[in-house]
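In: make a model of this:
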Amino acid sequence: MITSIEILGTEELLLQRNPRAAAVHQAIVARGREAVIALNERFADPSDDTAMKRLDTELEAIVERSVSEYVRQASGLFSAEDVDLWTAKITRVPGTYVGRAAAVGVPGALLLMESVESAESDENTTFVSLDDTLSNIAGYCQCGYATSRIVPRQLCRLCSGGVLIAWRTEENQVIATAPKVRSELHAVFEELLDELATIHLATGDASAETPARRRAGNAGITRVNETYAEEIAMLDLTRWRELSDLNQLSQITAVTAHAKHWSQWGLGSARLAMLAMQSDPEIQARMRRIAGSRPAPKPSLFERLFSRR
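Out: The predicted structure is shown next:
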């Protein structure tokens, strides 16, 4: 079954090999996102129902203008073969949202709509510190850690997400100082991402990818850490280990599925834990890449019969 993930991946692929269309798409997305960010700043109070309705109306207008501008500028920039491939796929995805993109007849429309709508005012900021994250979620914390910094028996879901991001960020910073380790782990994760994305696309069952992550930890990540043990021994892993221990209290079951192995596996465990989340950007991007490269679906029996009339 074709889903919106495959359509987004197909559009990304078609834009990558069409620089003129990609430039048009990028410029219009940038203007649309800027308008949405400004709109969100005007209507910052989610408790005002009237204001939220106005926000929805104006957001829809921005998206509509962006799509219309894209159609005017990008029509004719794609080859007939590319349009046929896109059309054969997008017309098989149900739903009015995807249907809006299909109706304009220009590849890239769905990606444009999603890119514009998802704009956030803080999208260019990076993770600064765990303390900053905890301060931001203190009003919603259910385990007390965000407000007291006293480690509970189990972290709430919000704190679980915060400490996971902090661990991954710390791991990135440590690995950045060890180029050989970074390169070898990159190769391990490239292979794993393909496997995880394929599993998610085929089954949709998140539990099916747990053994794949276990294999990557036991084999690839462990091998890299053992091979470069002397180099890794020179790194300061104090904070990395502290955050590893803290993540073992995560409420997210998929994240802690292999928690007892983290100290054995070593560097790379934080990224592996992050990949337990199907919503992780790396997983989503790889799913789009794999699904988007699929050929056009074969016509159904009904379509073949109808085309003969």
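In: please name the nearest non-neighbouring residue to Tyr228.
Out: Leaving out its chain neighbours, the residue that sits closest to Tyr228 by Cβ to Cβ, 6 or more residues apart in numbering is Val181, at 5.0 Å. In short, each C-beta sits where N, CA and C put it, glycine included.
In: does that neighbour touch Ala187 like I think?
Out: No - checked against Cβ atoms under 8 Å, the pair Val181 and Ala187 is beyond contact range at 11.2 Å.
In: ok, those two, which is more surrounded?
Out: Val181 (22 against 11; other Cβ atoms under 10 Å).
In: what does stretch 27-40 rub up against?
Out: 55, 58-59, 62-63, 65-66, 69-70, 73, 112, 115-117, 119-121, 123 (Cβ atoms under 8 Å, 6 or more residues apart in numbering).
In: how about the contacts made by Thr3?
Out: 93, 291.
In: what's the pLDDT at it?
Out: Note on Thr3: pLDDT of 92.
In: would you map the helices across the stretch 1-150 of the chain?
Out: 4-16, 19-42, 49-74, 80-90, 96-104, 109-117, 130-137, 145-148 (DSSP state H, counting those that start in this stretch).
In: which neighbouring elements make contact with the first one?
Out: Spelled out, that is helix 4-16. Counting contacts by 3 or more Cβ pairs under 8 Å, 6 or more residues apart in numbering; DSSP states H and E, helix 4-16 is packed against helix 19-42, helix 80-90, helix 96-104, helix 109-117, helix 281-292.
In: now with 6 Å, please.
Out: Counting contacts by 3 or more Cβ pairs under 6 Å, 6 or more residues apart in numbering; DSSP states H and E, helix 4-16 packs against helix 19-42, helix 80-90, helix 109-117, helix 281-292.
In: and the last one, what's buried?
Out: Taking 16 or more other Cβ atoms under 10 Å as the basis for neighbour counts, the residues of helix 281-292 that come out buried are 282-284, 286-292.
In: quick check: Ser269 touching His261?
Out: No - between Ser269 and His261 there is no contact under Cβ atoms under 6 Å: 7.6 Å.
In: who has more neighbours, these two?
Out: Ser269 (25 against 17).
In: for that one, which non-adjacent residue is closest in space?
Out: Trp262 (4.2 Å).
In: neighbours of that neighbour, how many?
Out: Neighbour tally, Trp262, other Cβ under 10 Å: 23.
In: what pLDDT does it get?
Out: pLDDT at Trp262 comes out at 93.
In: let me know the secondary structure of it.
Out: At Trp262 the chain is in helix, as set by DSSP: H, G, I helix; E, B strand; the rest coil.
In: so it is in contact with Leu243, correct?
Out: No - the pair Trp262 and Leu243 fails to qualify as a contact (Cβ under 6 Å) at a distance of 10.2 Å.
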